[in-house]
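Peer 1: sharing a model prediction with you, sequence too.
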Amino acid sequence: MTTIVLKKGREESLLRFHPWIFSGAVASVSGTPYEGEVVEVVSSEHKFLAYGHYQKGSIAVRVLTFSQDYHPSTDGRMPLEFWEDRISRALALRRVLEFPSHGTDCFRLVHGEGDSLPGLVVDIYKDVAVLQAHSAGMYISVDLIAEAIMRCCGDMVKAVYNKSAATAPHKAGLDLVDGYVTTPSESDERAVSENGNLFYVNWASGQKTGFFLDQRDNRELVGEYSKGRKVLNLFCYTGGFSVYALNCGASSVVSVDSSAVAVEMLRRNVMLNTGSEDAAGRHTAVCADALDYLRDVSDGRFDLMVVDPPAFAKHRDALDNALRAYRRLNASAIGKIASGGLLFTYSCSQAVDRRTFELTVFSAAAQTGRRVRILRRLTQPADHPVSIYHPEGDYLKGLLLYVE
Ligand code: SAH
């Protein structure tokens, strides 16, 4: 097994259970670990600290365990028992949260660091688990992870799909393909239910694992305020917020997304919930750039807006441009919304912390000269837990603003 020795004093963050080891903290590496190999991490005094997945790049090791309860196998991977332990704990939490429940049969089973599995996401859509590896180590363990999911979930899960080709590291020399790890499901699509709202989810053609489960609570909140309102849903994807708004009695909903595949699914979702393609004249689907669309919106036309863009800052070096984009977008939305309007605005960029996002939105508001108040600070739902040792996991930030 490869051993990674840390520089003197650099074990501090590990002793506080932070799960990332940056390459700058590494003093020496015994041998040449392969990308994704489980390595042993020791202090400068050669005391055991952790086992984790090794990878070339700024995060050199993602920690899997700070104990020696489980040891890597001779092939350099964690054994099946380790994965079963982690998955069963993740499942135990979801049972506490009452997933699945009568109205909701889609939820996140594994949320990376929040479930002590850095680099791994697993979403459940009815009877199919869709997993996404963000690290080489998770990617090469997909067969073991799938087996652990099948064993722990029993009848609940019938198939596991690996949707990692776009998320696993491209430079690691892995053969990246999407596909079933188990016996394939007869279809790549399910109609799922979220708080009683219905959605088609297709993990093969969709973005991420197929659906944005992280907005569940926020969609419910939008529903609560939608009755009688004229709603604009920007970056709508397959219509999550739009369907809630329609089902809760919005007088009209316009949904905008630049992806034609997403807009097609949005139309199907509106049909599924309302029985008509345009919700009897209440819904308009638009395939366009959100900022372009907003530019042409007349002042006061909408009194509830949802602004949920993709992560503008995927990395720290893109931060300045991302903040400018958030400012421009929010200034435009705040400037256009009707008096007495409600704006739900979000950032899912991990590189943008909550305070920075809020300051950016505040400066956008100031730019418009309108009177704006914060009604709520918004975040991700409980099946996307944040480890207290990894505050970066608190990635979904939102504000509900009242604009006079
Ligand atoms: N609110 C959605 C999730 C949004 S994800 C939900 O509840 O499900 C971000 C979406 O923004 C994606 O669907 C992506 O296709 C879309 N998108 C990215 N860039 C865009 C742009 N410039 N204009 C409009 N949509 C865009």
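Peer 2: On my side now, so go ahead.

Peer 1: every contact and neighbour count from this point should use C-alpha atoms.
Peer 2: Noted.

Peer 1: can you give the contact residues for stretch 68-76?
Peer 2: Applying CA atoms under 8 Å, 6 or more residues apart in numbering, the contact partners of stretch 68-76 are M1, E37, V38, V39, A50, M78, P79, E81, F82.

Peer 1: next one, pLDDT for the nearest residue to the third one once chain neighbours are set aside please.
Peer 2: By that I understand V38. The spatial neighbour of V38 that comes closest, neighbours along the chain excluded (CA to CA, 6 or more residues apart in numbering), is H53 at 4.7 Å. On the pLDDT scale, H53 is placed at 98.

Peer 1: what subset of the contacts of stretch 68-76 is buried?
Peer 2: The neighbour-count test (16 or more other CA atoms under 10 Å) marks M1, E37, V38, V39, A50, M78, P79, F82 as buried among the contacts of stretch 68-76.

Peer 1: just confirm the last one is within a helix.
Peer 2: Yes - in this structure, F82 lies within a helix as judged by DSSP: H, G, I helix; E, B strand; the rest coil.

Peer 1: list the contacts of it.
Peer 2: Y70.

Peer 1: strands of the stretch 201-350 of the chain, residue ranges please.
Peer 2: 230-234, 252-257, 283-287, 304-307, 341-347 (DSSP state E, counting those that start in this stretch).

Peer 1: now the ones you listed in a markdown table, with distance to the ligand, mean neighbour count and mean pLDDT?
Peer 2: Converted to a markdown table, the strands of the stretch 201-350 of the chain look like this (distance: least, CA to the nearest ligand atom, whole Å; neighbours: other CA atoms under 10 Å; pLDDT from 0 to 100):
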| stretch | distance to the ligand | mean neighbour count | mean pLDDT |
| --- | --- | --- | --- |
| strand 230-234 | 7 | 26 | 98 |
| strand 252-257 | 4 | 25 | 98 |
| strand 283-287 | 8 | 20 | 98 |
| strand 304-307 | 8 | 25 | 98 |
| strand 341-347 | 9 | 25 | 98 |
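
Peer 1: among those, which comes closest to L319?
Peer 2: strand 341-347 (12.3 Å; CA to CA).

Peer 1: the closest one: how far from the chain's middle?
Peer 2: 18 Å (CA atoms, centre = their mean, to the nearest Å).

Peer 1: can you tell me the average pLDDT over stretch 376-385?
Peer 2: Rounded mean pLDDT across stretch 376-385 is 98.

Peer 1: please renumber the chain so that the first residue is 810 from this point on.
Peer 2: Let's use 810 as the start, then, which means that last one is stretch 1185-1194.

Peer 1: returning to that earlier point: count the neighbours of the residue nearest to V847 for me.
Peer 2: By other CA atoms under 10 Å, 28 other residues sit near H862.

Peer 1: returning to what we had before: quick one: which of the strands of the stretch 1010-1159 of the chain is nearest L1022?
Peer 2: strand 1150-1156 (14.4 Å).

Peer 1: looking at the buried ones among the contacts of stretch 877-885, which are in helices?
Peer 2: Among these, the residues falling in helices (DSSP state H) are F891.

Peer 1: can you lay out the buried ones among the contacts of stretch 877-885 as a markdown table showing pLDDT and distance to the ligand?
Peer 2: Formatted as a markdown table, the buried ones among the contacts of stretch 877-885 follow (pLDDT from 0 to 100; distance: CA to the nearest ligand atom, whole Å):
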| residue | pLDDT | distance to the ligand |
| --- | --- | --- |
| M810 | 91 | 41 |
| E846 | 98 | 32 |
| V847 | 98 | 33 |
| V848 | 98 | 35 |
| A859 | 98 | 35 |
| M887 | 98 | 33 |
| P888 | 98 | 35 |
| F891 | 98 | 33 |
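
Peer 1: run a quick neighbour tally on the closest residue to G1150 other than its chain neighbours.
Peer 2: Leaving out its chain neighbours, the residue that sits closest to G1150 by CA to CA, 6+ apart is D1112, at 4.3 Å. Neighbours of D1112 under the rule other CA under 10 Å: 21.
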